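**Student:** I would like the atomic coordinates for the input below:
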Amino acid sequence: MASRNEASAIHEQSPFSNDRDRLLIPALGSFYHRADPLAYALLRIAFGLVILTHGIPKVLGESHGSMGDPMAGATNMIANVLNLPFAPQLAVAAMLLETVGAIAVATGFVTRFFAAALTVEMVVICFAHAPTFAWIDRGFEYPLILAFLALYIAIMGGGRYSLDRWLPRAL
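**Tutor:** Numbers count the residues shown, from 1 in each chain. As a prediction, this is how the structure comes out:
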C-alpha cells in the first residue's frame, strides 16, 4: 500500500507532464500541468452541484422538472420499478445522498466514499430507466454520464483543492 505522500504524488502527477514532445504547442504543457488540479476541482464541484439540484427538491418537497413530488417519484420507482423492499427508507437514503453526499463531493470531503455511493445510485437509475428511457427523449445519457463522472471522482479522490487534503487518512 502506498504511503500518503506516494498516493498524493501519484494523484498530483498531470497526464500532460510526459507529453511535451507530443503536444502540437509544447509551451502549453506547463499551462496544462498547472491547470489540471484546478480543472479537476471545478469538475468535482460542478458534479456535486448538479446532483444537489436533484436532492434539494426532495428535501423541500418541491416539484422538479416534470416530477410533481420527487420523493413520491423516487419511492414509486424503488417500489414499483426496482421492486425493492423498504422503498420509503431507500428514497430517504437517496435524498440524503443527493444532498449531503453532493455537498461532500463538491467540497471534497470524504470524496471517494460519497462518489462511490453516487456511482451506485446512478447505475441503479440507469438500469431502472433503461426499458423506458429513450437515448435522447428523456435523457438516458444523463444518468449514464453522471455514473461515469462519479466513478472517475471516486477513483481520483478529492484532489489538491479539497477538504480531504486536511484529513489524516485517505479512503
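
**Student:** Could you pull out the buried residues of stretch 84-104?
**Tutor:** Judged by neighbour count using 16 or more other C-beta atoms under 10 Å, the buried positions of stretch 84-104 are 87, 90-91, 93-95, 97-99, 101-104. Every residue, glycine included, has its C-beta placed from N, CA and C.

**Student:** closest to residue 141 among the residues you listed?
**Tutor:** The closest of these to residue 141 turns out to be residue 98 (C-beta to C-beta; 19.0 Å).

**Student:** and the closest one, helix, strand or coil?
**Tutor:** helix (DSSP: H, G, I helix; E, B strand; the rest coil).

**Student:** The buried residues of stretch 84-104 in helices, which ones?
**Tutor:** Secondary structure of the buried residues of stretch 84-104 is defined by DSSP state H; positions in helices are 87, 90-91, 93-95, 102-104.

**Student:** May I ask which of these comes out lowest in pLDDT?
**Tutor:** Across these, no position has a lower pLDDT than residue 87, which has 92.

**Student:** Checking the nearest residue to that residue once chain neighbours are set aside next. Helix, strand or coil?
**Tutor:** For residue 87, the nearest residue in space outside its immediate sequence neighbours is residue 79; the separation is 3.6 Å by C-beta to C-beta, 6 or more residues apart in numbering. Three states are possible here, and by three-state DSSP the one that applies to residue 79 is helix.

**Student:** what number of residues lie near residue 79?
**Tutor:** A count of neighbours around residue 79, defined by other C-beta atoms under 10 Å, yields 16.

**Student:** any idea how far residue 148 is from it?
**Tutor:** Counting by C-beta to C-beta, to the nearest Å, the gap between residue 79 and residue 148 amounts to 27 Å.

**Student:** before we move on, what about residue 25?
**Tutor:** 29 Å.

**Student:** and what of residue 129?
**Tutor:** Relative to residue 148, residue 129 is positioned 16 Å away (criterion: C-beta to C-beta).

**Student:** just residue 75 next, same as before
**Tutor:** Counting by C-beta to C-beta, the separation of residue 75 from residue 148 is 27 Å.
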